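**Student:** Sequence first, then the predicted structure, then my questions.
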2 protein chains.
Amino acid sequence: MANAIVGQSGGPTSVINSSLAGVLQACEMRGADRVYGMLHGIQGLLEEKVCDLSERMKSFLNIELLKRTPSSYLGSCRYRLPAPEEDEAVFEKLFKILKKLDIRWFFYIGGNDSMDTINKLARYGERVGSEIRFMGVPKTIDNDLMLTDHTPGFGSAAKYIGVVMKEVIRDATVYGTKYVTLVEIMGRNAGWLTASAALARGEDCEGVDLICLPELPFHEDRFLAKVERMQKERESVVIAVSEGIRLPDGRFVCELSNDARSVDAFGHINLTGTARYLSNLVARNLPTKTRAVELSILQRCAGHLTSRTDITEAYQVGGAAAKAAFEGETAKMVALKRLSNDPYQCTTELVNINDVANFEKKVPVEWINEERTDMKPEFLAYARPLIQAELTPIFINGLTQHIVE
Amino acid sequence: MANAIVGQSGGPTSVINSSLAGVLQACEMRGADRVYGMLHGIQGLLEEKVCDLSERMKSFLNIELLKRTPSSYLGSCRYRLPAPEEDEAVFEKLFKILKKLDIRWFFYIGGNDSMDTINKLARYGERVGSEIRFMGVPKTIDNDLMLTDHTPGFGSAAKYIGVVMKEVIRDATVYGTKYVTLVEIMGRNAGWLTASAALARGEDCEGVDLICLPELPFHEDRFLAKVERMQKERESVVIAVSEGIRLPDGRFVCELSNDARSVDAFGHINLTGTARYLSNLVARNLPTKTRAVELSILQRCAGHLTSRTDITEAYQVGGAAAKAAFEGETAKMVALKRLSNDPYQCTTELVNINDVANFEKKVPVEWINEERTDMKPEFLAYARPLIQAELTPIFINGLTQHIVE
C-alpha cells in the first residue's frame, strides 16, 4: 500500500491541468493506491489540505474537462521553503504529514520556484533517509526553465498571443489614421512570450512592427526614434512590449509610472503599466493617437484557445514524471528534448533538479534582428511547432465548459 | 446598368464583415452590376477611395474567410456629416461621386452615428429627387440601437465576455488568498456588455460577484461596503465594471484617475482606467490585493471566438437590407425582431432610420436585481440565445486565418 501526491504551484497556465491528468493517470496505471492532490500546493499541504484525486476523477469525461480547464485545478501558492540546513521544523512537519498519508511518490508542477521546492524537499528527504521520490513537472508560460527545450504552457500562451496580435493589428488599422498600439505581454526577465508576437506575421497579416524584449536594455530616445520612423511608412504601428523591460540603469520601465506597486512573497515586483507608460510617452512626443492594451491574465488562462501540441506535451511530462518516480528516480525534473524541427519531434528526459531550480533561461540575443525590432527566423523555427493544432473546447449553452469541482 | 456601394463605419466588431458578405452576395444575386466598397466609410468615399468588392470576393473561400475576419474589412471612420439643410457642399460632392460610380443602392453598416449618416444622405437625396436607395445595416457590440431586439456584434462580444469571465474567475481563485479582480468592459452609456458577464455563472462557475452598469449612478462608499461584505464570504471577488460608470454628479469614474484623456470627432471622451481607478480605491481601503483587467479592444476583435447565431444574423441583416433596397425602400434600417425565446426565433423587419439615428437603448433597470449586484433571469433569457453555437475558425500553421487583402 502506497500513495502518490501531486501539487501545483506558481502562476497558472491554460494547460497545467493536463500535467495533473498525466501524473494522475500514470500513477494509477502503475499501481498507486491513491493519488492525493495538495490544495494550494505545499502551503496547503502544511495545513493538511488535500483531496482524493482518484475519487474525484473517476470518469474519462472528467479527465477531458480537466484538460480543458485553465488555471490550477488544485489551487496554487507562492510559498518559499527555507533551506533544510537552516530550518528543519517545517520539513519535519511536512514529512510527518506525508507519512500519515502514506506517500511514496511526490510530484510538484511548477516553474523555477517550484523546482526549488522539490530540490529542498529531496535534499531533506535524502538526509533523513526518506523513501519518498520527489519529481518536478515543468510548467510556465514564461518558458524560462533551464535544460528543457521549452516548457508546457508556453506553446498555448504563444498561440494565444499570435492569434490575438493578428486581431489587434486588424483592429488598429481600421480608421486609417495615425495610431500607435502598445501591447503589454507577460515575462519578467525572459522575453519568450513577447517574442511570440512575431508569429503573427503571415500572408494575411503584416505582423507587429516592433518587439521590445527584456533581454535588451530599453532606451526611450531610440524607441521614440524608431516609432517615428516607422510611422512615416504606415499609419498604424503595433508594438509588442514585455512587462519586464528595463532602463539601462536596471530600473523597470513600469517603475516610471505612478501606479502603486507591491511585492510578492518571492520578492518579485508586480509589473504592470509598461504599455500605458510608453503609450503616454509616445503621445507626449509624437503627433499620433496611442493605445495601451494589456494581455494581462487573459494570456495565461485562455483555456478556449490552446495548442494541442502543448496540451499533449503537458500530459506527457506528467506521465513521464510518474514513470520515473515509480522506477525509483528522485530529485529530478522531466525535461522536453527536441529531436527535430521538421518534422517536429520531441521526447522527454530527466534532468537534475539542482541544475534547474532558481535559474532562468532567456531568449538568445542572436535570435533578435540587427535593428532590434523583430525576431529572426531561428526564433520562428523554434516557436512555430509549439503552437500547432487545437484542442476543441467543449461548448455548452454557448460557453466553454470546465470541470465542476 | 446600376451599381451598389457599401461602407462600414464606427467601431469594428468581430462579425461586421459577415454583414458585408450578406450585402455583397444579395446585391449580386439581385443583379447589381458591380458592388463597390467604400474604403474608410463616407470619409473615404469623399476622396473617391473605393474598391471593387465583386472583383475581390470572387471565390466562396474568400467569403468564408471574410466572415472569420474581425474588424472592418473596408476600414472605418468616425466622420459626422453636417445637416443637409445647413451645408449642402459636402452632399453635392458625395452625390456627384455616387453618380460617377452609377450607384443606385447605398448601404452603410454601423451604429448610432452611422444611422445618422444614412438619415442625412436620404434626406438630401429626397430633396434633390435622387433615385439612390439608402439603407442602414445595424452593427455594434454595444447593443444600444433602438427598435431592434439586439444588434449584430453584440452576441459575439457577449459570448467572448462570458467565456473570458469564466477563465478569469478560475484564475482569480488560484492562490486562495484575498483578491479583488476588476474587469473593465466596453459600453459608454449602455451596460449590455457588462451585464453579459452574468452569463458566466453555471454549474461549473460561481459567476461574477458584482456587476456595475452605467445605467445606475455609482457610489464609491456603497461599492466599497459591498466588496467588503462579499469578501467576508469568499476570498476572491470578481467584479465586472462598465468603462462608462458615472458618479452621481455625472462625471465618469475614470475621470477621477490621472490618465490623459482625449475626445474623438463625435465629442466622445475616450474612457479608460475605470477598473484601474477602482482597483486602487479598493486597495487603499480594504485589506486585500487587487487587480485590474481591461478587456479593451480584445472584446470587439476576437474573431477566434464568435457566436454562430450572431454571425448568421449579421449576414441576414445585410441580405435583408439589399432585398429592401432593391424593392425600392430607402431611409430605413434593418432591425432584428425576436419571435420567441424558446425555441429562439428571430426575423428581420424595416424601421425608419429617423427613429433610430442618435438614440441609445439602455439596459432596463428592472433587469437589475434589488441589491444592485447582478442581473435578473430576464436578462439571461434575453442574452443567452444570442451566444449560442460557434463558427469554427480556420487554423493555418497554428493561427486563425483571415482574408488576404
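**Tutor:** Cool, the structure landed. Numbering: from 1, shown residues only, chains lettered A, B, ... in the order given.
**Student:** for A:Lys323, what are its contacts?
**Tutor:** Neighbouring residues of A:Lys323 by Cβ atoms under 8 Å, 6 or more residues apart in numbering or on different chains: A:26, A:30. Where C-beta positions appear, they are placed from N, C-alpha and C, glycine not excepted.
**Student:** where does it land on pLDDT?
**Tutor:** Looking at A:Lys323, its pLDDT is 98.
**Student:** can I assume it sits in a helix?
**Tutor:** Yes: under DSSP: H, G, I helix; E, B strand; the rest coil, A:Lys323 falls within a helix.
**Student:** for A:Gly10, helix, strand, or coil?
**Tutor:** Counting by three-state DSSP, the backbone at A:Gly10 sits in coil.
**Student:** That one - how many residues pack around it?
**Tutor:** A:Gly10 has 27 neighbouring residues, counting by other Cβ atoms under 10 Å in any protein chain shown.
**Student:** Phi first, then psi, for it.
**Tutor:** Backbone torsions of A:Gly10, given as degrees, to the nearest 10, read phi 80, psi -170.
**Student:** A:Pro217 too?
**Tutor:** phi -60, psi 150.
**Student:** and what of A:Tyr36?
**Tutor:** phi -90, psi 150.
**Student:** Could I get the contacting residues of it?
**Tutor:** Applying Cβ under 8 Å, 6+ apart, the residues near A:Tyr36 are A:3-6, A:50-53, A:101, A:103.
**Student:** Over to A:Leu53?
**Tutor:** Per Cβ under 8 Å, 6+ apart, neighbours of A:Leu53: A:6, A:20, A:24, A:35-37.
**Student:** ok so, going back, mind checking which of the contacts of A:Tyr36 are buried?
**Tutor:** Listed as buried from the contacts of A:Tyr36 are A:3-6, A:50-51, A:53, A:101, A:103; burial here means 16 or more other Cβ atoms under 10 Å in any protein chain shown.
**Student:** What about those residues, which are in strands?
**Tutor:** Residues of the buried ones among the contacts of A:Tyr36 located in strands (DSSP state E): A:3-6, A:50-51, A:103.
**Student:** Geometric centre of chain A: which residue is closest?
**Tutor:** By Cα atoms, centre = their mean, the mean C-alpha position of chain A lies nearest to A:Ile141, the distance being 1.7 Å.
**Student:** And what about A:Lys337, helix, strand or coil?
**Tutor:** strand.
**Student:** Pairing partners for the nearest residue to it once chain neighbours are set aside in the sheet, please.
**Tutor:** Excluding its sequence neighbours, the residue lying closest to A:Lys337 (Cβ to Cβ, 6 or more residues apart in numbering or on different chains) is A:Glu349, at 4.9 Å. With DSSP bridges as the criterion, A:Glu349 is bridged to A:Ala335.
**Student:** dump the residue contacts of A:Glu349.
**Tutor:** The contact partners of A:Glu349, by Cβ under 8 Å, 6+ apart, come to A:334-335, A:337.
**Student:** Now do the same contact list for A:Cys212.
**Tutor:** Contacts for A:Cys212 (Cβ under 8 Å, 6+ apart) come out as A:194, A:218, A:223, A:239-242, A:245.
**Student:** Relative to A:Val6, how far out is A:Met115?
**Tutor:** For A:Met115, the distance to A:Val6 (Cβ to Cβ, to the nearest Å) stands at 15 Å.
**Student:** Check A:Phe326 too.
**Tutor:** From A:Phe326 across to A:Val6, the span is 13 Å (Cβ to Cβ).
**Student:** What's the local residue count around the nearest residue to A:Gln8 once chain neighbours are set aside?
**Tutor:** The shortest distance from A:Gln8 to any residue other than its chain neighbours is 3.9 Å, reached at A:Ser72 (Cβ to Cβ, 6+ apart). A:Ser72: 29 surrounding residues under other Cβ under 10 Å.
**Student:** I figured A:Ser72 hits A:Ser14, correct?
**Tutor:** No: using Cβ atoms under 8 Å, A:Ser72 is not in contact with A:Ser14; the gap is 10.7 Å.
**Student:** Tell me where the stretch 251-400 of chain A has strands.
**Tutor:** Assigned by DSSP state E, counting those that start in this stretch, the strands in the stretch 251-400 of chain A fall at A:289-294, A:332-341, A:344-352, A:395-396, A:399-400.
**Student:** got those as a markdown table, with distance to A:Pro82 and mean pLDDT columns?
**Tutor:** Below are the strands of the stretch 251-400 of chain A laid out as a markdown table (distance: least, Cβ to Cβ, whole Å; pLDDT from 0 to 100):
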| stretch | distance to A:Pro82 | mean pLDDT |
| --- | --- | --- |
| strand A:289-294 | 35 | 95 |
| strand A:332-341 | 21 | 97 |
| strand A:344-352 | 21 | 98 |
| strand A:395-396 | 45 | 98 |
| strand A:399-400 | 40 | 98 |
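**Student:** mind checking which of these is nearest B:His304?
**Tutor:** Smallest distance to B:His304 across the strands of the stretch 251-400 of chain A (Cβ to Cβ): 12.3 Å, for strand A:399-400.
**Student:** who does that closest one pair up with?
**Tutor:** Going by DSSP bridges, the partners of strand A:399-400 are strand A:395-396 (antiparallel).
**Student:** what about the strand it pairs with, distance to the chain center?
**Tutor:** The chain centroid and the centroid of strand A:395-396 are separated by 26 Å under Cα atoms, centre = their mean, to the nearest Å.
**Student:** Now do it: everything it contacts.
**Tutor:** So strand A:395-396 is contacted by A:401, B:202, B:389-390 (Cβ under 8 Å, 6+ apart).
**Student:** what's the answer for stretch A:248-261, then?
**Tutor:** The contact list for stretch A:248-261 (Cβ under 8 Å, 6+ apart) reads A:217-219, A:243-247, A:269-274, A:276-278, B:258, B:276, B:280, B:283.
**Student:** can you rerun that using 10 Å?
**Tutor:** Residues outside stretch A:248-261 that contact it (Cβ atoms under 10 Å, 6 or more residues apart in numbering or on different chains) are A:184, A:188, A:212, A:214, A:216-220, A:223, A:241-247, A:269-278, A:280-281, B:257-259, B:276, B:279-280, B:283-284, B:290, B:292.
**Student:** interface residues of the stretch 101-250 of chain A facing chain B?
**Tutor:** Along the stretch 101-250 of chain A, the residues adjacent to chain B under the rule Cβ under 10 Å from any Cβ of the partner chain are A:155, A:158-160, A:162-177, A:181, A:183, A:199-206.
**Student:** What count of nearby residues applies to the residue of the stretch 201-350 of chain A found nearest chain B?
**Tutor:** Closest approach between the stretch 201-350 of chain A and chain B, counting by Cβ to the nearest Cβ: A:Cys301, at 4.1 Å. Neighbour count for A:Cys301, taken as other Cβ under 10 Å: 27.
**Student:** And the one 4 residues further on, by the same measure?
**Tutor:** When counting by other Cβ under 10 Å, one arrives at 26 neighbours for A:Leu305.
**Student:** Which residues are in contact with the residue lying closest to it once chain neighbours are set aside?
**Tutor:** Distance criterion Cβ to Cβ, 6+ apart; nearest residue to A:Leu305, sequence neighbours excluded, is A:Tyr160 at 5.3 Å. Going by Cβ under 10 Å, 6+ apart, A:Tyr160 touches A:14, A:141, A:193, A:196, A:295, A:298-302, A:304-307, A:387, B:304.
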